[in-house]
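S.K.: With the sequence up front, the predicted model follows.
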Amino acid sequence: MDERNNVCIMIREAVLSGASKDRACDFLGYDIRTIQRWDKNQKGDKRKGRSDIPRNALSTEEKQEIISCCCDERFVNMTPNEIVPTLAGEGLYIGSESTFYRVLKENDLLHHRSETKPRTARHHPKALEAKGPEQVWSWDITYISSLIKGQYYYLYLIEDVWSRMITGWKIHYEESADYAAKMMSDIGKTTDLTGLYLHSDNGSPMKGATMLSTLQRLQVMPSFSRPSVSNDNPYSESLFKTMKYHVSYPQHFETIEKARVWVSNFVDWYNNIHLHSGISYVTPSQRHEGKDKVILQARAATYEMAKGKNPERWSKSCKKWEWKESVFLNPTRCKKEELKVA
């Protein structure tokens, strides 16, 4: 009860200071509905629970029999899923597998005992917010097919999450943390990367010692997706799809030099010609250089002028060419709900 009251007090103080209740709850790791229930009921949980004992409940002796059976030398290295059918084959039934597991859990006898590494909890990656260029970058590696079956070239590609501009790329014969570190070092020679977040998946080139030490030297903060969760790195995945489904993509490249020439042309088209749907149909370079505001304002004015000339053709308001101030990478659940409402 003391911890519950302290949490409620901290959230009230945060709200009085100007913070939103959703963000305060999310910061402390509580669902807002839980806090609302606690605020409504200050005296704690008044539920009395079940007073009677079910007629089919296991007796103390039966529970002890299950524990003794599981701790028997014969079954000590077997799971309930193995113990129950073994006993049934001998004409003995003590309880179901779920009953065995429940009794073992009640007596603190369910622990990882194998030599294999226990399952690790995978937490949602930190939510990153970009309010301008060169604050949050996303990068990944994708394969490019050669003419020889089973032989690939590997494209290393970095994208600015806020502007969607491709800020760096390289093509090599293999995936390597050394190549990734060299790419970041080359970018660091012309761009101040201090305080930048660099998000990627959990591949060995991303988490290699050479890459991580280079990021530390450049004062770049690494961020990683959960294993096997491609949705944690959506911007890079979307960019690769745009590239590989481009009308000029050849599917196979004769040499690595030709692959580099094609990617160079694609990067120029993507940054300077492609009207990106995620940033209100301006080019990534226009947004990166801060020219998109003027362009969107001009479009809005054109729409208003057209509506003024023929208002009967407009059943609703004009399309809103909104400038997006913030772009989020892996937002929290509360932030996702706010973005949907907006």
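M.R.: Ah, there it is.

S.K.: Any stretches of this structure with poor pLDDT?
M.R.: Counting by pLDDT under 70, the chain has low-confidence residues at 1, 42-51, 333-342.

S.K.: let's go with 90 and repeat that
M.R.: Residue ranges of the chain with pLDDT under 90: 1-58, 75-79, 109-127, 150, 202-203, 226-232, 307, 310-322, 324, 330-342.

S.K.: can you map out the strands along it?
M.R.: Per DSSP state E, the chain carries strands over the ranges 128-130, 136-145, 152-160, 166-172, 197-200, 221-224, 327-329.

S.K.: Check which helices and strands the second one sits against.
M.R.: Counting contacts by 3 or more C-beta pairs under 8 Å, 6 or more residues apart in numbering; DSSP states H and E, strand 136-145 is packed against strand 128-130, strand 152-160, strand 166-172, strand 197-200, helix 234-244, strand 327-329. Quick note: C-beta positions are derived from backbone N, CA and C, even for glycine.

S.K.: Repeat that for the fifth one.
M.R.: Secondary structure elements in contact with strand 197-200, counted by 3+ C-beta pairs under 8 Å, 6+ apart, are strand 136-145, strand 221-224.

S.K.: now swap in the first one and tell me
M.R.: Contacting strand 128-130 under the criterion 3+ C-beta pairs under 8 Å, 6+ apart are the following elements: strand 136-145, strand 327-329.

S.K.: about what we covered before: so which of the strands of the chain gets nearest residue 89?
M.R.: Set against residue 89 and scored by C-beta to C-beta, the strands of the chain come closest in strand 221-224, at 47.8 Å.

S.K.: Now do the buried residues in that closest one.
M.R.: The neighbour-count check on strand 221-224 (16 or more other C-beta atoms under 10 Å) flags 221, 223, 224 as buried.

S.K.: If the second one is in a bridge, with which residues?
M.R.: Residue 223 forms beta bridges with residue 199, as assigned by DSSP bridges.

S.K.: list the contacts for it?
M.R.: Counting by C-beta atoms under 8 Å, 6 or more residues apart in numbering, residue 223 touches 125, 126, 128, 197, 198, 199, 200, 329.

S.K.: how close does it get to residue 124?
M.R.: Per C-beta to C-beta, to the nearest Å, residue 223 is found 12 Å from residue 124.

S.K.: go on, residue 262?
M.R.: Here residue 262 is placed at a distance of 37 Å from residue 124 (C-beta to C-beta).

S.K.: Neighbour count: these two, which is higher?
M.R.: residue 262 (18 against 13; other C-beta atoms under 10 Å).

S.K.: My read is that that one contacts residue 252, right?
M.R.: No: in this structure, residue 262 is not within contact of residue 252 by C-beta atoms under 8 Å, at 11.1 Å.

S.K.: want to try TSV for the helices and strands packed on strand 136-145, with distance to residue 145 as columns?
M.R.: TSV is the format used below for these (distance: least, C-beta to C-beta, whole Å):
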stretch	distance to residue 145
strand 128-130	32
strand 152-160	6
strand 166-172	13
strand 197-200	23
helix 234-244	10
strand 327-329	29
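
S.K.: Need those in JSON lines (columns: distance to residue 84 and mean neighbour count).
M.R.: Shown next, in JSON lines, are the helices and strands packed on strand 136-145 (distance: least, C-beta to C-beta, whole Å; neighbours: other C-beta atoms under 10 Å):
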{"stretch": "strand 128-130", "distance to residue 84": "48", "mean neighbour count": "18"}
{"stretch": "strand 152-160", "distance to residue 84": "49", "mean neighbour count": "21"}
{"stretch": "strand 166-172", "distance to residue 84": "54", "mean neighbour count": "18"}
{"stretch": "strand 197-200", "distance to residue 84": "45", "mean neighbour count": "22"}
{"stretch": "helix 234-244", "distance to residue 84": "44", "mean neighbour count": "17"}
{"stretch": "strand 327-329", "distance to residue 84": "47", "mean neighbour count": "20"}
